[in-house]
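Q: Here's a sequence, model it:
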Amino acid sequence: MSGQWGEGPARGEDVPGALTTEGGGTVPPPRTGGRAEARRAAQAKGGRGGGKPDPGKADGTATGGRAAARKGGKPKKKNVKKIVAWSAAGVLVLIAGTGGAIYFKLNANIKSFDADAIATDRPPEAQADADGNKPVNVLLIGSDSRGKNNSDLGGGEDGGARSDTTILLHVYADHKHAVGISIPRNAKVQIPPCKLPNGKWTKGGTDLFNAAFSTGGTDDGNPACTQNTVEKLTGIRVDHTMVVDFNGFAAMTKAVNGVDVCLPKPIYEGDINPNLKKKGDLVLPQGKQTVEGQKALDYVRLRHGIGDGSDIGRMKRQQAFLSSLASKMKKEGLSPTTLLPLADAATKSLTVDPGLSSADKLLSFGLSLKNIDMHDLKFVTAPWRYRTQDADIDLVQPDANKLWDTLKADQTIDGKNATGQQPDAPASPTAAAPPPAATTPASHAAPAAEISNESIKVAVYNGTTVPGMAGKASDLLKGAKFTVTKAGTAASTKYATTMIEYGSGQKAAAEKVAAMFPGATVEAGSTPGVTVIVGKDFAAANGGSAAPSAGGSGTAGAGTPTPPPPLPTTVTNDARSADDDICANTTYGSGG
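A: Next up, the predicted model:
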């Protein structure tokens, strides 16, 4: 398995004439026929190449012509470019230009799950602003399936699959910040109805979070059910889902020549497998080290022999591992000789949603992550506490809902606006801000009739749970020639009446906008320009009916939407940046 190119384009057949590489893999042979074959035939006859048969050669092949001239020229300098790509998907950047055989092979590697298994009752899709800025939510699942030779790496004989790791990665609209939220696998949650392999749907109910992935009992797991559960839990729409299994994970760590990790205590065979009933040999020493393959898998799956032996400590180490991997790939890049086996390993190991089911789609997604700075890539764990009646976990409310609201508002966990739609820059970066007295008095504001609609910039937010209302309001305004700068979801989705807010000197503009929304309330606000928050009145007039709110805390009734309140210190103090010390925050509880 893993990164060897001797396998056939799709089904594993050997390819005659493949070339063996230094790493033991092979590269597909050139295609026969066509212009290349014609040129070779002509050259063998001393034809088009322009040279004459060499009497010193037994085969009579030509030595002259352009080919010989090229060989006699100055030697070319080697130019091995490093590709900056910290996402596993991003390694496909170079592959797209390497030729059809490899590209089609990568496409053949990728598996996707059934789109019909994704729930139809979903949170609304995030709206892009006028510049096309849009957040992306990606669900990353590590499967502990023992099928397809995974038992050789993961141990155990249990059938089916469970989600060993689940992280909701929120890439902010500015595509310069991202945060990964680890969801404890033994958290008690509401699992919605999910599709079974036989085509029937379950009734849903309360269970441990990782039971969603096990629904149906197959070795491939049920990623659609996990996606449905995360959307139900958070009220956030998942744009893409990726599942990686043991074999794929081990192969990818080998392809990047290992990942730097750190352990506060040495780990022995008995820690990896408590059923061994003895200490056993040393597996992972204490301190900093580089791991790949089986040892990398041991590190991210380790629970016992460190801390309190819980999943909480394991999630901390998984966050540390992903941080280290991302930092390495961002800093060092990947040479072309590494790209092929890594791309092969990555695509072989992935099961994805239909929206990422081809190499070019993965490429596009990978390229969208290239500008994220490692300090602005954060990892946190959803707020949790142990249940009193058993060893399982409850998510803490309202803290968890505050976290989901923070993501929906595109606010970073430290309170920064990362929507991608930033305030207009001053005319001169050195110019001092005008004193308050310089503000144009309302009595001197231009009459509404003198203001052109094109000059009025409007940000539009959906203040209801009815999907698509921001888009409909934006279309209404654009039809009247207003300039819409942003469309998205408001911090609160409980507005009964549409609200029009205006910044300093914008009252007349706000009144022109309000004429488009009969019954709307007009109020002064602190945000420059004009802001529209559509309420249930607008939704009702446009054929919408309110859907139940999922996971949102919000403020009841009409009013000024404000950014989500600061997150509790139980979340922010435990956050990890991808550039943190790899030895920090890698365990939980007593025991090391």
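
Q: Please enumerate the strands of the stretch 151-300 of the chain.
A: 163-171, 178-182, 188-191, 205-208, 240-244, 259-263, 267-268, 282-284, 287-291 (DSSP state E, counting those that start in this stretch).

Q: scratch that, the stretch 451-592 of the chain is what I was asking about
A: Under DSSP E, counting those that start in this stretch, the stretch 451-592 of the chain gives strands at 457-462, 483-489, 499-502, 521-524, 530-534, 576-577.

Q: Any chance of CSV for the strands of the stretch 151-300 of the chain, columns mean pLDDT?
A: Below are the strands of the stretch 151-300 of the chain laid out as CSV (pLDDT from 0 to 100):
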stretch, mean pLDDT
strand 163-171, 88
strand 178-182, 96
strand 188-191, 95
strand 205-208, 94
strand 240-244, 90
strand 259-263, 95
strand 267-268, 94
strand 282-284, 95
strand 287-291, 96
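
Q: okay, those in JSON lines with distance to residue 564 and mean neighbour count next?
A: (C-beta placed from N, C-alpha, C; glycine too.) Conversion of the strands of the stretch 151-300 of the chain to JSON lines gives the following (distance: least, C-beta to C-beta, whole Å; neighbours: other C-beta atoms under 10 Å):
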{"stretch": "strand 163-171", "distance to residue 564": "13", "mean neighbour count": "23"}
{"stretch": "strand 178-182", "distance to residue 564": "14", "mean neighbour count": "23"}
{"stretch": "strand 188-191", "distance to residue 564": "21", "mean neighbour count": "18"}
{"stretch": "strand 205-208", "distance to residue 564": "27", "mean neighbour count": "13"}
{"stretch": "strand 240-244", "distance to residue 564": "24", "mean neighbour count": "23"}
{"stretch": "strand 259-263", "distance to residue 564": "34", "mean neighbour count": "21"}
{"stretch": "strand 267-268", "distance to residue 564": "40", "mean neighbour count": "19"}
{"stretch": "strand 282-284", "distance to residue 564": "40", "mean neighbour count": "17"}
{"stretch": "strand 287-291", "distance to residue 564": "38", "mean neighbour count": "15"}
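
Q: Could you work out which of the ones you listed reaches nearest to residue 507?
A: Judged by C-beta to C-beta, the one of those that comes nearest to residue 507 is strand 163-171, at 36.1 Å.

Q: What helices and strands are in contact with the closest one?
A: strand 136-143, strand 178-182, helix 211-214, helix 223-234, helix 311-332 (3 or more C-beta pairs under 8 Å, 6 or more residues apart in numbering; DSSP states H and E).

Q: closest one to residue 535 among those?
A: In terms of C-beta to C-beta, the element of the helices and strands packed on strand 163-171 nearest to residue 535 is helix 223-234, at 23.5 Å.

Q: Can you give the contact residues for the closest one?
A: 113-114, 117-119, 122-123, 139, 141, 163, 166, 168, 183, 189-195, 209, 212-213, 215-216, 236-238, 241, 243, 351, 353, 395, 404, 407, 550-551 (C-beta atoms under 8 Å, 6 or more residues apart in numbering).

Q: circling back to that earlier point, in CSV: the helices and strands packed on strand 163-171, plus distance to residue 582.
A: What follows is those, written out as CSV (distance: least, C-beta to C-beta, whole Å):
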stretch, distance to residue 582
strand 136-143, 19
strand 178-182, 16
helix 211-214, 29
helix 223-234, 28
helix 311-332, 5
